[in-house]
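Trainee: build me a structure from this.
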Amino acid sequence: MSNSVPAMITQPRLMMVGGGACGEAAASMAKIGMSRPLIVTDAYIRDSGMLARLTDGLDEAGIVYEVFADTVPDPTTEVVKVGAEVLKAGDFDSMIAIGGGSPMDTAKAMGVLATHGGEMRDYKVPAQVDSSDYPVVAIPTTAGTGSEVTRFTVITDTETNEKMLCMGLGYVPVCALIDYTLTMTMPLRLTADTGIDTLTHAMEAYVSKKRNPFADSMA
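Mentor: Numbering: from 1, shown residues only. Prediction:
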């Protein structure tokens, strides 16, 4: 690696890793100064009872929140726009995204759009957004996404059907609660598919020309 260029590593400010990490949401929010979150998730998480594993702890801590559960697989500009409007209209200072990559990508994009305005297509690469007024606590329920630790989000433009890559420090969650027990509640086929997704991402990173020692150790 002596001839390589320096690698930029971005990660959440705080990560809690292990069984029961989801229950640390209220304490983690206090550490980073968050008090009024909008929970971003999907209908399955909301209706399956899994959301209670998060909200029970928030209720016990006296944290007031609302739930936006209209996220869809392969997040769209339409859903992000609606979510950003909900975010701006409420007295929210943050978001908690719980679910697979779709709720997390949606929340990250919502924060950027609510902060900077315009349309989501304004922020596709090569544009870079390094700030958001709405920090995100990310709680993954599947193994294959990695969205909880990255500076990227992928949003589908509903007008052109283009899957847009958006990037910048504004998309990095401020906190990630990585609770493996949540993955055990997922359908078996989803668990298998996301496991293969994890493997292929690791292989891709390891053989990439932009590889670096940190990424190699993760891969």
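
Trainee: tally of neighbours for R151?
Mentor: When counting by other Cβ atoms under 10 Å, one arrives at 19 neighbours for R151. The C-beta positions use only the backbone N, C-alpha and C, and glycine is treated the same way.

Trainee: next, the contact list for it, please.
Mentor: Listed by Cβ atoms under 8 Å, 6 or more residues apart in numbering, the contact partners of R151 are T10, M167, G168, L169, Y171, V172.

Trainee: do you know the pLDDT at the second one?
Mentor: pLDDT, the model's per-residue confidence, is 97 for M167.

Trainee: how near is the nearest residue to it once chain neighbours are set aside to T10?
Mentor: Closest residue to M167 apart from its sequence neighbours, by Cβ to Cβ, 6 or more residues apart in numbering: F152 at 5.0 Å. For F152, the distance to T10 equals 10 Å [Cβ to Cβ, to the nearest Å].

Trainee: neighbour count winner among those two?
Mentor: Legend: neighbour count by other Cβ under 10 Å for F152 and T10, higher for F152 (16 against 12).

Trainee: next, give phi and psi for the more buried one.
Mentor: phi -130, psi 150 (degrees, to the nearest 10).

Trainee: so it versus A143, what's the distance?
Mentor: Distance of F152 to A143, given as Cβ to Cβ: 18 Å.

Trainee: and what of K81?
Mentor: In terms of Cβ to Cβ, K81 sits 29 Å off from A143.

Trainee: so which of the two has more stuff around it?
Mentor: Using other Cβ under 10 Å as the criterion, K81 and A143 rank with A143 on top: 21 against 17.

Trainee: residue contacts, the nearest residue to A43 once chain neighbours are set aside?
Mentor: The shortest distance from A43 to any non-neighbouring residue, by Cβ to Cβ, 6+ apart, is to A69 (5.4 Å). By Cβ under 8 Å, 6+ apart, the contact list for A69 reads T41, D42, A43, I45, R46.

Trainee: equivalent analysis for S132, please.
Mentor: Residues near S132 by Cβ under 8 Å, 6+ apart: K108, G111, V112, T115, G170, Y171.

Trainee: same deal with A205?
Mentor: Residues near A205 by Cβ under 8 Å, 6+ apart: R211, A215, D216, M218, A219.

Trainee: please apply the same query to V17.
Mentor: By Cβ under 8 Å, 6+ apart, the neighbours of V17 are I178.

Trainee: may I have the beta-bridge partners of it?
Mentor: Beta-bridge pairing of V17 under DSSP bridges involves I178.

Trainee: M164 now?
Mentor: I155.

Trainee: that one touches T156, doesn't it?
Mentor: Yes: here M164 reaches T156: they are 7.2 Å apart, a contact under Cβ atoms under 8 Å.

Trainee: pull out the buried residues from stretch 78-97.
Mentor: Using 16 or more other Cβ atoms under 10 Å as the test for burial, stretch 78-97 gives 78-81, 83-84, 86-87, 92, 94-97.

Trainee: among the residues you listed, which are located in strands?
Mentor: S94, M95, I96, A97 (DSSP state E).

Trainee: among these, which two are most distant?
Mentor: Within those, S94 and A97 form the most distant pair, 10.3 Å apart (Cβ to Cβ).

Trainee: please enumerate the shared neighbours of these two.
Mentor: Residues touching both S94 and A97 (Cβ under 8 Å, 6+ apart): V136, V137.
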